[in-house]
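K.L.:
got a sequence here, can you build the structure:
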Amino acid sequence: MGQGHQALNKKQKLIRHRRDTAYDDKLDSKITEELWLDLDRRWSQEEFQVKCELELVDSGGEPSLDDVQATLELLKRAPILYLKQNNQERARLIKTLLWNCKVSGENLEPIYRKPFDAVAVGVKTANWHPLVDYFRTFLMA
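P.N.:
Down below sits the predicted model:
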């Protein structure tokens, strides 16, 4: 197990410890439900990021070209798949693409899972290069 893997495991344990401590504080009414939900959401995202980084370290550090092509194909077909699928299949597709959602005013904004998050930012800014940005997402970890 390399140093990077050990550091990521340590970070994951720290996040879990913080979450457990904050949950105890919520149960003891030391923090509000709103604060607990905010902290839990943030730590869930951090823990997911660490999990992705661990998987990346374990897999050798770079996604394969097949992974990139499969991801891009899924993104291209996602709208059509969603329209053709039943509710259970739609839920599975959404869980594959999204980590969570946040409410912003009257809007519900998706928080995408990696590597779909890089695509979403690129599409929003109209500055996206599929292969370059996909690999950059994994190499910047």
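
K.L.:
C-alpha from now on. contacts and neighbour counts both.
P.N.:
Fine.

K.L.:
mind listing the residues bridging to residue 98?
P.N.:
residue 112 (DSSP bridges).

K.L.:
for it, which residues are in contact?
P.N.:
By CA atoms under 8 Å, 6 or more residues apart in numbering, the contact list for residue 98 reads 110, 111, 112, 113.

K.L.:
contact partners for the second one?
P.N.:
What it means is residue 111. 98, 99, 100, 101, 102, 117.

K.L.:
recalculate using a threshold of 10 Å.
P.N.:
With contacts defined as CA atoms under 10 Å, 6 or more residues apart in numbering, the neighbours of residue 111 are 45, 97, 98, 99, 100, 101, 102, 117, 120.

K.L.:
what do you get for the third one?
P.N.:
If you count contacts by CA under 10 Å, 6+ apart, residue 112 has them with 94, 95, 96, 97, 98, 99, 100, 101, 118, 119, 120, 121.

K.L.:
make CSV from these and add pLDDT, secondary structure and distance to residue 78 to it.
P.N.:
CSV is the format used below for the contacts of residue 112 (pLDDT from 0 to 100; DSSP: H, G, I helix; E, B strand; the rest coil; distance: CA to CA, whole Å):
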residue, pLDDT, secondary structure, distance to residue 78
94, 85, helix, 9
95, 83, helix, 12
96, 82, helix, 10
97, 82, helix, 9
98, 83, strand, 12
99, 78, strand, 16
100, 81, strand, 17
101, 83, strand, 18
118, 71, helix, 16
119, 70, helix, 13
120, 72, helix, 13
121, 68, helix, 17
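
K.L.:
drop anything exposed from these.
P.N.:
By neighbour count, with 16 or more other CA atoms under 10 Å, those hold 97, 98, 99, 118, 119 as buried.

K.L.:
next helix or strand past the helix or strand where residue 8 lies?
P.N.:
Using DSSP states H and E, residue 8 sits within helix 3-27. Note on helix 3-27: by DSSP H and E, the next helix or strand toward the C-terminus is helix 33-58.
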